[in-house]
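A.B. asks: what follows is a predicted protein model with its sequence.
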Amino acid sequence: MQAIKRILTPVDFSDNVGKIIQAATYMAGTFKAELYLVFVAQTFEDYSGFFVPPINLPHLEEELFASAQQQMETYLEENRAKFTEAGVSNVIGKVLAGDIAGEILSYAAKKKVQLIVMGTHGYKGVERIMFGSVAEKVVKSACCPVMTINPYREECESHTA
């Protein structure tokens, strides 16, 4: 296995993102690795045959992308001290657009990351039905190891005999 120098963590800015980023930050600090936080704005062009959109879809996608970029910049700025404290000196935030799993995999290959740290669950409901499990797709196709975090599971307590 290669030395871990670059870690990619997909984020969706849901309520669970803190646990995922905390784990990724710990791993990046432990290995003195670069940390790439990636948000993928889903595009809907592949689904245009299923429904007639009531609004201008390209305009909505542009607004979602711009909003995601602002959210990423704000998150990085607000958490810079936490990253530094954990020993992570290089955190890169990136917003992409396209198929979520496909963009994560493509960016991981492009940046030659050695580890992907991601949540097993993000948004639920209709999004899950429409888009399937991103984590499952990434785990099955990633070019490197994938560490998954279930944000709903409480940490196990250590049991000593």
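C.D. replies: Nice, thanks for sending it over. These figures come from a predicted structure and were not determined experimentally. Residues are numbered from 1 along each chain as shown.
A.B. asks: just checking, next helix/strand downstream of the worst-scoring helix or strand of the chain on mean pLDDT?
C.D. replies: Within the chain, no helix or strand scores below helix 126-131, which has a mean of 46 by mean pLDDT, DSSP states H and E. Once the chain leaves helix 126-131, the next helix or strand it forms, by DSSP states H and E, is helix 134-141.
A.B. asks: which elements pack onto the longest helix anywhere in the chain?
C.D. replies: Longest helix in the chain, counting residues (DSSP state H): helix 57-85. On a contact count with 3 or more C-beta pairs under 8 Å, 6 or more residues apart in numbering; DSSP states H and E, helix 57-85 meets helix 17-31, strand 34-42, strand 91-98. (Glycine included, C-beta is placed from N, CA and C.)
A.B. asks: quick one, which of the ones you listed is nearest to Lys140?
C.D. replies: Smallest distance to Lys140 across the helices and strands packed on helix 57-85 (C-beta to C-beta): 17.2 Å, for strand 34-42.
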